[in-house]
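Undergrad: Any chance you can model this:
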Amino acid sequence: MSIKIQESDHGTEFIPRDSMVITDPSVINQFQHSVKLIILENLYAEAKTIMQLHKDTKYNPGTIKRHLKDLEEAGLITLARKEMSEKRIIMKFYRVTAREFIIQYRWP
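TA: Predicted structure coming up:
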């Protein structure tokens, strides 16, 4: 799998692929959690930090961090870029890995 990147005002940034077919039941499970769906929706248009997601969703940053970890392990999001804040804090921006997720589930 190749990772697409493009130059932006923020440097090099991850670009989601067009679509991703999901067949693994453990990954499909990620779509059944309402908070994770809200996070995915927020990361669709642009990459965001935990604090930006907190501002947009009003969820606790610790809760967001836990869900981001699950979504990243499932391959649904990725670290899009890192930036240094004015206060010298590294900010991590996350983004969905695909513009469209296609769920295929086959029962025996």
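
Undergrad: Low-confidence ranges, the protein, go.
TA: Along the chain, the parts satisfying pLDDT under 70 run over 1-12.

Undergrad: just the strands in it please.
TA: 4-8, 11-15, 20-22, 77-84, 90-96, 101-103 (DSSP state E).

Undergrad: Would you format the ones you listed as TSV with distance to Q52 and mean neighbour count included?
TA: Bear in mind the C-beta positions are built from the backbone N, C-alpha and C, glycine included. Converted to TSV, those look like this (distance: least, CB to CB, whole Å; neighbours: other CB atoms under 10 Å):
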stretch	distance to Q52	mean neighbour count
strand 4-8	16	10
strand 11-15	15	14
strand 20-22	23	16
strand 77-84	12	16
strand 90-96	8	17
strand 101-103	22	13
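
Undergrad: Can you tell me which of those strands is nearest to G62?
TA: Across the strands of the chain, G62 has its closest neighbour in strand 90-96 (14.9 Å, CB to CB).

Undergrad: contacts for that closest one?
TA: Outside strand 90-96, the residues that touch it by CB atoms under 8 Å, 6 or more residues apart in numbering are 10, 13-14, 16, 40, 43-44, 46-51, 68, 72, 76-85.

Undergrad: my read: Y44 touches R99, true?
TA: Yes: contact criterion CB atoms under 8 Å: Y44 and R99 qualify, at 7.5 Å.
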